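> Here is the input, now give the coordinates:
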Amino acid sequence: MSDLLSHRHGQEEWVRRLHQFWEHNRLQIVVTLALIVVVGGSWGAWVYYNDHREKAAATDYAELPQQEPERTEAMRQLADDYPTTGAGIYARFQLGRQAYLQKNYDEALDWYEPLTSLSGKQSLIQLLSQNNVATIFEAKGDWDRALQIYQEAAADPNNVTKAYAYYNAGRVSQVLGRGEEAREWFQKAIDNGTGMPVAERAAERLLWLDIGSH
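Predicted structure coming up:
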């Protein structure tokens, strides 16, 4: 009997303490619960909104006209309407490539440069865009700017194609007449590109540098 009374008293004490906690913290609890509801609802809406945009952009890309200039104009519209979606980013990349081939270098830079700040799952597009921007500066004769970009690519810890960045940095250094610096870059390309064609090209460049120094 005493055990039963003790158990009941314990329950009553727990309820009393819970009631006191509620009375002293009522406002804070209500605000916290409201925030949880708002944040949870906002997150769900954001996920739905982005998923909807991704699907809409992908549909628009799949339905791009095949003939020019309608196709280019539709890609421009897609890039403007859905700039952060996969389809919008790929449309921007294609527009940059198209402008480069037409030697519209400033327009190509306008398309490519925003893509050089991408990350995560889009890191491949980021690396390709960075390389293409450097190539454009080469075409414009701005070798120093091109070298700077290749050096940044070489220093990027997330760059899985560093051997190419090393090779390009060496190639541009060679154009700028920085022979010793070029040697260092080519050697890094060889060391980091084992079994890759870029390592063979770097070795050829290094050989010609050595021959030319005698």
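> So if we follow the domain assignment, how does the chain break up?
Annotated domains of the chain cover 58-141, 143-214 [automatic domain parsing].
> could the ones you listed go into a markdown table alongside mean pLDDT, distance to Gln28 and mean neighbour count?
From N, CA and C alone the C-beta is placed, and that goes for glycine too. Shown next, in a markdown table, are the domains of the chain (pLDDT from 0 to 100; distance: least, CB to CB, whole Å; neighbours: other CB atoms under 10 Å):
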| stretch | mean pLDDT | distance to Gln28 | mean neighbour count |
| --- | --- | --- | --- |
| domain 58-141 | 90 | 37 | 17 |
| domain 143-214 | 91 | 42 | 17 |
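> Tell me which of the ones you listed lies nearest to His52.
His52 lies closest, by CB to CB, to one member of the domains of the chain: domain 58-141, at 10.3 Å.
> got the end-to-end distance for the closest one?
End-to-end distance of domain 58-141: 37 Å, with CA to CA, to the nearest Å as the criterion.
> I'd say Ala153 and Gln130 touch.
Yes - between Ala153 and Gln130 there is a contact under CB atoms under 8 Å: 5.6 Å.
> what sits up against stretch 168-183?
Residues from elsewhere that reach stretch 168-183 (CB atoms under 8 Å, 6 or more residues apart in numbering): 131, 134, 138, 143-144, 146-147, 150-151, 153-154, 184-186, 188-189, 202, 205-206, 209, 213.
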